[in-house]
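Novice: A predicted structure for the sequence below; I have some questions about it.
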Amino acid sequence: MEIEETVVNSNSPVFLTKNCYGTMVLMSVEQYSALTENIEHKLDEADETAEKSDVRYSSSQVFGRVRSRINEHEKV
């Protein structure tokens, strides 16, 4: 399969377009794992922390904090 060879041999994602617009990205399992490994590790850490604590936050508290951090970052 030509596309598979391109993805594996180039060791980088291949972007597919239709009518000059991006429609999908193809990457190897190894590339995907490298991309998501840190996120999965952080989620595992968060799960462990949550198991050790009774503190819980509402979705509005969580997303409010996220929005504040994004807005602070955009000002810089």
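Specialist: Yes, it's here. Numbers count the residues shown, from 1 in each chain.
Novice: CA atoms for contacts and neighbours, from now on please.
Specialist: OK.
Novice: out of the helices and strands in this protein, which is least certain?
Specialist: Lowest by mean pLDDT, DSSP states H and E among the helices and strands of the chain is helix 2-10, with a mean of 88.
Novice: and the helix or strand just after that one, what's buried?
Specialist: Scanning forward in sequence from helix 2-10 by DSSP states H and E, the next helix or strand is strand 14-18. Neighbour counts using 16 or more other Cα atoms under 10 Å place Val14 of strand 14-18 among the buried residues.
Novice: quick one, strand 14-18 and helix 2-10 angle?
Specialist: 140 degrees (axes from the mean of the first three to the mean of the last three Cα atoms, to 10 degrees).
Novice: helices or strands up against strand 14-18?
Specialist: Applying 3 or more Cα pairs under 8 Å, 6 or more residues apart in numbering; DSSP states H and E, one finds that strand 14-18 contacts strand 21-26.
Novice: mind listing residues that contact the helix or strand following the strand it packs on?
Specialist: Going down the chain from strand 21-26, the next helix or strand is helix 29-51, by DSSP H and E. Residues from elsewhere that reach helix 29-51 (Cα atoms under 8 Å, 6 or more residues apart in numbering): Asn11, Ser12, Pro13.
Novice: ok, and the most crowded of the residues you listed?
Specialist: In terms of neighbours by other Cα atoms under 10 Å, those top out with Pro13 at 15 neighbours.
Novice: show me the contacts for the closest residue to it other than its chain neighbours.
Specialist: Excluding the flanking residues, the one nearest Pro13 by Cα to Cα, 6 or more residues apart in numbering is Met27, at 4.6 Å. By Cα under 8 Å, 6+ apart, the contact set of Met27 is Val7, Val8, Ser12, Pro13, Val14.
Novice: can you rerun that using 7 Å?
Specialist: Going by Cα atoms under 7 Å, 6 or more residues apart in numbering, Met27 touches Val7, Ser12, Pro13, Val14.
Novice: which of those residues sits closest to Gly64?
Specialist: Nearest to Gly64 among these is Pro13, at 33.6 Å by Cα to Cα.
Novice: and for Ser59, the neighbour number?
Specialist: Ser59, neighbours per other Cα under 10 Å, totals 9.
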